[in-house]
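J.: Got a predicted structure plus its sequence, pasted below:
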Amino acid sequence: MKLAINGTTRTFDGDPRTTLLDFLRRDCDLTGTKKGCDHGQCGACTVLVNGQRINSCLTLTVMHEDDEITTIEGLGTPQDMHPLQSAFVDHDGYQCGYCTPGQICSAKAMLDEAKAGWPSVVTEDLTAEIDLSGDEIRERMSGNLCRCGAYSNIIDAITDVKEAAR
Amino acid sequence: MSKSITLDQPDQRNLLDRMAQGTIGKPVNRLEGPDKVSGVATYAAEFSAPGAANGVLVTSTISKGEVALIDEASVMGMPGVLAVISDQRMIARPAQGGAGEAPVQQVKQIDYWGQPVAVVVAETFEQARDAAKRLKITYNADDMSDVVLNPEDADSWEEGPGTETVEQGALPQAMSEAAYSVDATYTTEGHNSAPMEPHAALAEWDGTKLTVHASLQMLNYNIDELADSMGLDAENVHLLSPYVGGGFGSKLGISPDVAAASVAAMQLGRPVRVVLSRQQVFQSVIRRTETTQRVRLAADADGRLQGFGHEAKVTNLPEEEFAEPVTQASAFLYPGQDRVLKVEMGRIHRMTAGSVRAPGEAVGMQALEAAMDELAEESGIGPVELRLRNIPERHPSDDVPYSSRRLAECLKAGAEAFGWDDKDRKPAQRREGEWWIGTGMATAARIHNLSKAEASVTLMEDGTAVVATDMTDIGTGTYTILGQIAGEMLGLEPSDVLVRLGDSDLARGPGSGGSWGAASSGSAVQIACEAIREELCDMLGCEDEDLTLKDGFAIHNNKRQSLPELLNGRSIEKLGKLKPGETEDDFAQASYGAFFTEVAVNAYTGETRIRRMSGAFGIGRVLNEKTAKSQCMGGMVWCIGSALMEDMMFDHRDGHLANCDLAEYHVPVNRDVPHLDVIMVEERDPAASPLQAKGVGELGICGGAGAICNAIYNACGVRLRSFPMTPDKLIDHLPEI
């Protein structure tokens, strides 16, 4: 079966038990997507599937025929960073860096979700345009754990990108 | 070739402030940042090794006894399975931080539930995981009536190894004569480091030399631990840890994956990768001990402490020589000539207790600072004022002076920035809807450690520089600050300094632990740069005071020459060596700070939310304002975890850790953490290190949970002495609304 990873078509014919996460890390050599818990509890493995964020450890590769997968490597490179990547560097939105690719992929999809009008549990007016306050971003980013404790800076980084996009 | 400094006297030269580049202290972005945010920074399990097999650990399902039989045939026929290994070179426990020798290795003698027993190796991870699940193991379990599993059942208590007992004067008398006193007992539960990157090792064996990519904090010690475990000479072991996805103590010593991958690679003659599952990270590496702490405070009518007691009970497995040094900061923080300090350890059969971020102060300070709040209330003296009145002139037991100590400044700066009201402290006065609102504060203190360190610096012929040491950057900012130190000394921007870390073939440093990395390895870099400057001075025929290095130019005697021109095709490599000296004993050295927080406690459910939190910290010289603040913020997040949620829950029947993953062991998530304000209080500490810098990595976790405890009391009038302060502990005591 075929699927697209960062715009490149890949073929998968391996062990059906292979998670999307292990396929990316091992077979595609895209180790930017991290394995933190392998149980959907930490968010380090967050990637975009057809633009939406997903824990790649909780889904099998065989479930993604013809899907378009975007990983951290597909967002930008050290020489040509995505605005979120630059903002994480400027605001020190990381320390050890292990949760970081997941945080950034998650933030990318989260900003798109808000733009599309998706509410969260802290949204007060479900019919109004979503205003991504600090509390909204905190709530929507709470599926991505950071044990180093960079949350405050992560919020600053995402807020910067949100403001710039206005 | 090398230059060595032993810190027998405070280093008053203050070299960095004399330099001209102006990069030191600046909030420079992390040098490795673009690689981290782009996913190209490579962690241990991610290195490629053609033909690598994959191993999965199998761990014990009994608490005490021995392995009777490992039925290899139960899995050897499965697809891809290569070997079932249960070898005496594997390790049954992680090495303690700084051990430098093999830990307990008898994997077939079971001492705790979750102990590694075997490793199953297969072609792929999926095959190995499946076989590991199916491997049949028969145990001979001990009679459990003889096995102590729980702290309350520990039958003998010994003085905690490595801790210092102080018995001075007559504390009971001081307590009875005190104008105000507190005698309270606090409990804390076990904590797990839970770094985001699970422990991982990729081992290769060429018949003589063992090379392991591993996620480790202290290669200098890890080399000897692994060599000793494998029965190899240390020179035949090579460790690589350029990136470490968090450690927080759990990667100080070698972990079971490192030994298992090594044994398997040596047996199979091909590379083997072993990555711990998240559950194994929780159950088979280290825990921070639970503690029971009695604090006694005896103050005179002015609130000045005359008597001081802090006694703690902690636990560990038999044979382990680590005891959580709970009273470490209590030894120097507060006065009181009548003193008792004691840590007692009980032996229980739960997983190994070891160093989790800020061993000692992390739990000791939160109890002590909660007790100080009780004393403030008892005496009617404001919490900040009480602490200002209790800053001792000299170390209360050792009678030595303090090195630089900006505690009072931190208390004042933090209070001002927060808008702290030190007078009106009556609890349960402010409610917003269903939320009780309150504020609390606490002091931060953490001892300063300095370690022997070496680092090499090369000034290249093109005028750039290379720093090389086996020091690790576990998120601490080491790549960047070492680049800044070399840049400041040699007149280069940090981007012109290549920093190579995490390779045991490089100059040996102490590794990342105990907040000593920056001060120790950083000083070694500074010393190497001094030697380079000396050589440049020789070339120019001048004294160091007359040499200015800035923006890649050497300026001397009104002449400005580019470094490549001056070097004329050669490079200069120097080794810097730092040795701790007599300043260690001549001064009481620590980093200090103060936390302030506002919390909301739900009047119906007892749930606590942190609304505001700020901290002011004095850490000697700030090497990089951005990364130093991040270290403090991270610590404050850990305070929130320790105060409100982190709690290792062991099954009392068999001692197994029940909440062994990130869904059940709760660490703070983004929404648990408000915007954090961090104030760095300017300071230089010449006794602490040649850089005049002290430790920062752990200070932020030392006391803040006490501030939250005090804020909960101020909010709703419930004084909890049991951490974490979960809703179930509050709900029965909340005032009617």
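T.: Sure thing, it's come through.

J.: So which bits of stretch B:458-472 are buried?
T.: By 16 or more other Cβ atoms under 10 Å in any protein chain shown, the buried positions in stretch B:458-472 come out as B:458-460, B:463-472. C-betas here are computed from N, CA, C, even on glycine.

J.: Point me to the residue of chain A nearest chain B.
T.: residue A:32 (1.8 Å; Cβ to the nearest Cβ).

J.: Now do the contacts for that residue.
T.: Going by Cβ atoms under 8 Å, 6 or more residues apart in numbering or on different chains, residue A:32 touches A:71-73, A:101, B:38-40.

J.: now residue B:53
T.: B:82, B:121-123, B:128, B:264, B:268, B:270-273.

J.: repeat that with 7 Å
T.: Going by Cβ atoms under 7 Å, 6 or more residues apart in numbering or on different chains, residue B:53 touches B:82, B:121-123, B:268, B:270, B:272.

J.: Redo these as JSON lines? Include neighbour count and distance to residue B:113.
T.: Output for these, formatted as JSON lines (neighbours: other Cβ atoms under 10 Å in any protein chain shown; distance: Cβ to Cβ, whole Å):
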{"residue": "B:82", "neighbour count": "21", "distance to residue B:113": "28"}
{"residue": "B:121", "neighbour count": "30", "distance to residue B:113": "24"}
{"residue": "B:122", "neighbour count": "24", "distance to residue B:113": "25"}
{"residue": "B:123", "neighbour count": "16", "distance to residue B:113": "30"}
{"residue": "B:268", "neighbour count": "17", "distance to residue B:113": "29"}
{"residue": "B:270", "neighbour count": "17", "distance to residue B:113": "32"}
{"residue": "B:272", "neighbour count": "31", "distance to residue B:113": "26"}
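
J.: Chain A: which of those is nearest?
T.: residue B:123 (9.9 Å).

J.: I'd guessed that closest one sits against residue B:80; true?
T.: Yes. The pair residue B:123 / residue B:80 is scored as a contact, 3.9 Å apart, by Cβ atoms under 7 Å.

J.: returning to that earlier point: mind checking which helix or strand the residue of chain A closest to chain B is in?
T.: Residue A:32 is part of no helix or strand, with elements assigned from DSSP states H and E.

J.: quick one: contacts for the closest residue to chain A within the stretch 551-700 of chain B?
T.: Distance from chain A to each residue of the stretch 551-700 of chain B (Cβ to the nearest Cβ) is smallest for residue B:637, at 3.0 Å. Applying Cβ under 7 Å, 6+ apart, one finds that residue B:637 lies in contact with A:149, A:151, B:668, B:673.

J.: What is the nearest of these to residue B:6?
T.: Distance to residue B:6, by Cβ to Cβ, is smallest for residue A:149 among these, at 35.7 Å.

J.: how much space between the closest one and residue B:706?
T.: 18 Å (Cβ to Cβ, to the nearest Å).

J.: same deal with residue B:193?
T.: Counting by Cβ to Cβ, the gap from residue B:193 to residue B:706 is 21 Å.

J.: The two: which has the busier surroundings?
T.: Counted by other Cβ atoms under 10 Å in any protein chain shown, residue B:193 and residue B:706 do not tie: residue B:706 has more neighbours, with 30 against 22.

J.: I'd assumed the more buried one was in a strand, is it?
T.: No. Going by DSSP: H, G, I helix; E, B strand; the rest coil, the assignment for residue B:706 is helix, not a strand.

J.: That one contacts residue B:364, doesn't it?
T.: No. Look at residue B:706 against residue B:364 with Cβ under 7 Å: they stay out of range, at 10.0 Å.

J.: Now the closest residue to the residue of chain A closest to chain B other than its chain neighbours. Its backbone dihedrals?
T.: Using Cβ to Cβ, 6 or more residues apart in numbering or on different chains and skipping the chain neighbours, the partner closest in space to residue A:32 is residue B:39 (1.8 Å). In terms of degrees, to the nearest 10, the main-chain angles of residue B:39 are phi 80, psi 20.

J.: Residue B:39: what's it in contact with?
T.: Taking Cβ under 7 Å, 6+ apart, one finds A:32-33, A:71-73, A:101 in contact with residue B:39.

J.: and the residue sitting nearest the centre point of chain A, what helix or strand is that in?
T.: In chain A, the centroid-proximal residue (Cα atoms, centre = their mean) is residue A:105; its distance is 2.1 Å. Secondary structure from DSSP H and E places residue A:105 in helix A:100-115.

J.: Centre of the chain to that helix, how far?
T.: Centre-to-centre, helix A:100-115 and its host chain are 5 Å apart (Cα atoms, centre = their mean, to the nearest Å).

J.: Pull the residues that contact that helix.
T.: Contact partners of helix A:100-115, identified using Cβ under 7 Å, 6+ apart, comprise A:32-34, A:43-48, A:51-53, A:72, A:75, A:84-85, A:88, A:94, A:130, A:132, A:140-141, A:143-144, A:146, A:154, A:158, A:162, B:36-37, B:39.

J.: That helix: which residues count as buried?
T.: Within helix A:100-115, the residues scored as buried using 16+ other Cβ under 10 Å are A:100-111, A:113-114.

J.: Can you lay out those residues as a markdown table showing pLDDT?
T.: Listed next are the buried residues of helix A:100-115 as a markdown table, based on pLDDT from 0 to 100:
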| residue | pLDDT |
| --- | --- |
| A:100 | 98 |
| A:101 | 98 |
| A:102 | 98 |
| A:103 | 98 |
| A:104 | 98 |
| A:105 | 98 |
| A:106 | 98 |
| A:107 | 98 |
| A:108 | 98 |
| A:109 | 98 |
| A:110 | 98 |
| A:111 | 98 |
| A:113 | 98 |
| A:114 | 97 |
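
J.: what about residue B:188, how many neighbours?
T.: Residue B:188 has 27 nearby residues by other Cβ under 10 Å.

J.: At which residues are the helices of chain A located?
T.: Using DSSP state H, the helices found in chain A span residues A:20-22, A:72-75, A:83-90, A:100-115, A:134-140, A:151-165.

J.: Make a markdown table out of the ones you listed and add distance to residue B:219.
T.: Listed next are the helices of chain A as a markdown table, based on distance: least, Cβ to Cβ, whole Å:
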| stretch | distance to residue B:219 |
| --- | --- |
| helix A:20-22 | 28 |
| helix A:72-75 | 28 |
| helix A:83-90 | 27 |
| helix A:100-115 | 23 |
| helix A:134-140 | 37 |
| helix A:151-165 | 28 |
